[in-house]
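Novice: Quick one: sequence and predicted model below, then my questions.
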Amino acid sequence: MTPRRIAFVGPTLPAHQRPEGPFAYRPPIRHGDLFDLCLRPGDQVLIIDGVYQHFAPIRHKEILAQLARGVHVAGTASLGALRAAELAGFGMQGLGQVYGQARSGRLSADADVAVLHADDSAGARRLTEAMVCIRHALTELHGAGALDAGQAARLEQAAARLHFTERSPTGLRHEAGPDREAMHLLLDHLRRHGDIKTRDARHALDTLAARPVPEPAPAAGAAEVWTSSYGREWDFEHRPLTPGSAVGARLALACLQLFAVDFPERHRAYALRLAATTTGAATTTGAAGATGAAGALLSAAGFAPATRPYARLARATGATAHWTAHERLLARTFRLPPGRLVYQDLPPEAVAGSTLDELEQRCRKLLLPPAAPAAPTTRRHALLRQLWQADCDHDYRLCALERGFRDTAEAARLAGAFDLALIARLLREPAATR
């Protein structure tokens, strides 16, 4: 299979400046993008631009995960250069002068490469100038004798006083004060000769395109350090239920979480077992032992659980009316270390006596047909409320938590994969005809 070549690029190299070649272009990278691509060993990724203020930025362990799988990851020009400098010891390749500055320690702040820009669909139009580009252009102008040392220093100080979102040409000229004409010269130099980020990006694309993709080889040390909860979640989302199965393990679990009437009981058993393993607390088998264990497990984990049966998180729902307040608290607040995931695999408690083949068959019957549109989110929430017999918003949230979802939004997202019209019809049918 031919390795894929993918470049994440935005305002550093606008669409009309991007060379044709082996790279498929994607918008600036954000957290999750590398996992969503389902990359294979031998694929090559070049990170140029990335977001980091209004969206979660690309995380180091997400890159390490790909390096450990044998994906070749390189960075240049902007956020990619910073990440490459930070992960050079783990096998990420860096290219260009911005990378060189980051690797030497002369450049370390994300804000020094940041710009304000329009959406990528609008051509990734850059609205401000990056500090690293201003510094480099000042060095060139001073070296050419166009600016003296004093002018260059004052222009750099003026630009540095502005937040990266304010370094527009108008903002820079205004901040320059009496050096406005010199600032105009600087901006004209950037427009006519290109900035260092743009040059680095083009150079990296041309350099990598001219080389054959090397054979896949996991980077030394990468496999031992990528155990983030985001990586485990991605793995679970994309792992088939059984080898060759068309149904994913996470989707099979979601089918049970959403539609199995007794799933709160299964989730409680799972939480009790894992909490006991994590805290090292001894538990007693059987229903009576499990009932008494919940409070002890909460205490062993460092919590002082409320004993009031009607505390908001301990309030009974229809499925948990016979549970103790401590059991409800434990099941609804249970998380795997370090505290984000509830499930990262399909445990035996969830399957509860069924074979994986039987579970796959049930799941396939309820999935949407290929290419069929998912139900609107409001419809998903309405059906789940009906299924779980949640009379108010708070009870709906409690029902989601006691089924092992992090929140109702996660439940609704996963419900989008299923044929909710079919499920609604089944709900209306008499039990004998199902």
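Specialist: Done, it's in.
Novice: who's in contact with the closest residue to P22 other than its chain neighbours?
Specialist: Using Cβ to Cβ, 6 or more residues apart in numbering and skipping residues adjacent in sequence, the residue nearest P22 is R5, 4.6 Å away. The way it works is simple: take the backbone N, C-alpha and C, and place the C-beta from them, glycine included. The contact partners of R5, taken as Cβ atoms under 8 Å, 6 or more residues apart in numbering, are P22, F23, A24, D43, Q44, L46, L208, A209, V213.
Novice: and those, which two are the farthest apart?
Specialist: Spatially, the most separated pair among those is D43 and A209, at 14.7 Å (Cβ to Cβ).
Novice: Looking at those two, which is more packed in?
Specialist: Shown here are D43 and A209; by other Cβ atoms under 10 Å, D43 has more neighbours (22 against 16).
Novice: per-residue confidence at the more buried one?
Specialist: pLDDT recorded at D43 is 93.
Novice: so how far is A24 from the residue nearest to it when sequence neighbours are not counted?
Specialist: Spatial nearest neighbour of D43, excluding adjacent residues (Cβ to Cβ, 6+ apart): R4 at 4.6 Å. Using Cβ to Cβ, to the nearest Å, R4 is found at 7 Å from A24.
Novice: Looking only at neighbour counts, state which of the two leads.
Specialist: A direct count of neighbours by other Cβ under 10 Å for R4 and A24 places R4 higher, at 18 against 9.
Novice: Correct me if wrong: the more buried one contacts L46.
Specialist: No. Here R4 does not reach L46: they are 11.6 Å apart, not a contact under Cβ atoms under 8 Å.
Novice: tell me the mean pLDDT over stretch 171-191?
Specialist: Here the average pLDDT along stretch 171-191 is 92.
Novice: before we move on, what about stretch 260-268?
Specialist: 96.
Novice: who's in contact with it?
Specialist: Applying Cβ under 8 Å, 6+ apart, the contact partners of stretch 260-268 are 256-257, 290, 319-320, 323, 327, 330-331, 349-350, 352, 402-404.
Novice: now, among those, which is nearest to H163?
Specialist: When the contacts of stretch 260-268 are compared for distance to H163 (Cβ to Cβ), G404 wins out at 42.7 Å.
Novice: What subset of the contacts of stretch 260-268 is buried?
Specialist: 256-257, 290, 319-320, 323, 327, 330-331, 349-350, 402-404 (16 or more other Cβ atoms under 10 Å).
Novice: which ones are touching the residue of the chain most remote from its centre?
Specialist: Residue farthest from the centre of the chain, counting by Cα atoms, centre = their mean, is G145 at 47.3 Å. Going by Cβ under 8 Å, 6+ apart, G145 touches no other residue.
Novice: Got phi/psi on it?
Specialist: Dihedral pair for G145: phi 80, psi 10, per degrees, to the nearest 10.
Novice: Show the subsequent helix or strand relative to the worst-scoring helix or strand of the chain on mean pLDDT.
Specialist: One helix or strand of the chain scores below all others by mean pLDDT, DSSP states H and E: helix 287-300, with a mean of 64. The helix or strand immediately downstream of helix 287-300 is helix 325-333, counting by DSSP states H and E.
Novice: how distant is that following helix from the center of its chain?
Specialist: Offset of helix 325-333 from its chain centre (Cα atoms, centre = their mean, to the nearest Å): 28 Å.
Novice: average pLDDT across it?
Specialist: Across helix 325-333, the average pLDDT comes to 91.
Novice: Give the next helix or strand downstream of it.
Specialist: Downstream of helix 325-333 (by DSSP H and E), the next one is helix 348-351.
Novice: any idea of the mean pLDDT in that next one?
Specialist: The average pLDDT within helix 348-351 is 94.
Novice: and it, what other elements does it pack with?
Specialist: helix 249-259, helix 263-279 (3 or more Cβ pairs under 8 Å, 6 or more residues apart in numbering; DSSP states H and E).
Novice: So for C363, which of those sits nearest?
Specialist: Among the helices and strands packed on helix 348-351, if distance is taken as Cβ to Cβ, the winner is helix 249-259, at 4.4 Å.
Novice: Contacts for that closest one next, please.
Specialist: In contact with helix 249-259 (Cβ under 8 Å, 6+ apart) are residues 236-237, 239-241, 263, 266-267, 343, 345-346, 350-351, 356, 359-360, 362-363, 366-367, 384, 387, 403-405, 411, 414-415, 417-418, 423.
Novice: give me that answer again for 7 Å
Specialist: If you take Cβ atoms under 7 Å, 6 or more residues apart in numbering as the criterion, helix 249-259 is touched by 236-237, 239-241, 263, 343, 345-346, 350, 359-360, 362-363, 366, 384, 387, 403-405, 411, 414-415, 417, 423.
Novice: Mark which of those residues are buried, thanks.
Specialist: 236, 241, 263, 343, 346, 350, 359-360, 362-363, 366, 384, 387, 403-405, 411, 414-415, 417, 423.
Novice: Just the ones in helices from those residues, please.
Specialist: Under the assignment DSSP state H, the buried ones among the contacts of helix 249-259 contribute 236, 263, 350, 359-360, 362-363, 366, 384, 387, 411, 414-415, 423 to helices.
Novice: I'd like those residues as JSON lines, with distance to L162 appended.
Specialist: JSON lines is the format used below for those (distance: Cβ to Cβ, whole Å):
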{"residue": "F236", "distance to L162": "44"}
{"residue": "F263", "distance to L162": "54"}
{"residue": "A350", "distance to L162": "54"}
{"residue": "L359", "distance to L162": "58"}
{"residue": "E360", "distance to L162": "58"}
{"residue": "R362", "distance to L162": "59"}
{"residue": "C363", "distance to L162": "55"}
{"residue": "L366", "distance to L162": "55"}
{"residue": "L384", "distance to L162": "49"}
{"residue": "L387", "distance to L162": "54"}
{"residue": "A411", "distance to L162": "45"}
{"residue": "L414", "distance to L162": "44"}
{"residue": "A415", "distance to L162": "47"}
{"residue": "I423", "distance to L162": "55"}
